[in-house]
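Peer 1: Let's see this in three dimensions:
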Amino acid sequence: MALLAEAGPPVPPSVTGSAPRRPMMRVLKYVVAIASVCAVATVGVVVGLNRLTGAGPVTERCTAVLDGSDWYLSPAQADNAALVAGTSLARGLPARAATIGLATALQESKLINIEHGDRDSVGLFQQRPSQGWGTVDEILDPVYSTNAFYDVLVKVEGYEDMAVTDAAQTVQRSAYPDAYARHEMRSRAWASALTGNSPESLSCELAPVADADQLAPDAARDVVVGRLGRDLGLAPATGAADPNRQDPASATVTVDAAPLTPDDPERGAWAAGQWAVATAKATQAIEVHVGGRVWLRDEAAWTAAETQLDPGEVRITVDVAE
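Peer 2: Below is the predicted model:
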């Protein structure tokens, strides 16, 4: 426009006034409106793609909801979170201990059992052999390292009433004492779900179990039974095929979770049930039944069940080879 003005006669004031700007403003409004529609459509496509389809979700993830907020972990992180929180329950510790344990592991290793770290630190909690935490092999065993963390935490007087970051720092003696605080809300959400205090608040979006990964029924049930004992200290009530299911490509493990919370068997059931969802990637669980609700892997959600289970009872159904 500058070149045209220089080449021609002066433009009258009426031409340089506000009138010519109206079409341009309309164009800008249309551009903004179109951009907004495209942005909404893009978000919708992304959300839609991440929901389960015939091929499974684009991104596998697990979610714990607390106070209306969603807190995500990868399936691998969720699996380790299930161990950390489950161990606190098996030891009879309060949910606060699970929150502290999860916040510590999130800060130290992002809840991944890594074989490296600062100086000689390894494992979920980045514990150092040189500081008396155990051998490298011991610390890399997540069961050992989790119990080692709680062994020290329970000796901290009044840890239940301490700020999460202060309790974690007392155990860890980190060079970054305030870093644990950033993980408190995520840890609270996951601890609340995995200790049964927030029923129906944990779900995972997972791909279907691949045919090549399916195990024979007995072997598949053994995986679930082994993890129940390792993480929660529970033995199955039964390990046979569920007589209520007609699908030969699945088998069900029934467990009495009431011992986790003797005064509140329903909470124990939700703790074990949501533990089963968090570990579903590893155990190949496709259904988890608690009370009158059932988590379905295909739907990545809790829905109404056809039957009502007794308080404390949990049924975990796994995908198996035919």
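Peer 1: so what's residue 240 scoring on pLDDT?
Peer 2: Note on residue 240: pLDDT of 47.
Peer 1: mind listing the strands for the stretch 51-200 of the chain?
Peer 2: 61-66, 69-73 (DSSP state E, counting those that start in this stretch).
Peer 1: where does residue 282 land in three-state SS?
Peer 2: helix (DSSP: H, G, I helix; E, B strand; the rest coil).
Peer 1: In what element of secondary structure is residue 271 found?
Peer 2: Take DSSP states H and E as the rule and residue 271 turns out to sit in helix 265-278.
Peer 1: swap that for residue 319, please
Peer 2: With DSSP H and E as the criterion, the answer for residue 319 is strand 313-319.
Peer 1: so how far is that strand from its chain's centroid?
Peer 2: 19 Å (CA atoms, centre = their mean, to the nearest Å).
Peer 1: Can you tell me the strand partners of it and which way each runs?
Peer 2: strand 250-256 (antiparallel), strand 285-290 (antiparallel) (DSSP bridges).
Peer 1: Comparing these, which comes out most buried?
Peer 2: Scoring the strands paired with strand 313-319 by mean neighbour count under mean count of other CB atoms under 10 Å gives strand 285-290 as the most buried, with a mean of 26. In short, each C-beta sits where N, CA and C put it, glycine included.
Peer 1: Can you name the element that comes right after it?
Peer 2: strand 293-296.
Peer 1: Quick check: neighbours of that following strand in the sheet, parallel or antiparallel?
Peer 2: With DSSP bridges as the test, strand 293-296 pairs up with strand 285-290 (antiparallel), strand 301-304 (antiparallel).
Peer 1: List of residues touching that strand?
Peer 2: With contacts defined as CB atoms under 8 Å, 6 or more residues apart in numbering, strand 293-296 is touched by 200, 203, 273, 276-277, 286-289, 301-305.
Peer 1: how about a cut-off of 6 Å?
Peer 2: 200, 277, 287-288, 302, 305 (CB atoms under 6 Å, 6 or more residues apart in numbering).
Peer 1: Kindly report the same for stretch 269-279.
Peer 2: 78-79, 82, 86, 89, 193-196, 199, 202, 204, 227, 257, 260, 285, 288, 290, 295, 312, 314, 316.
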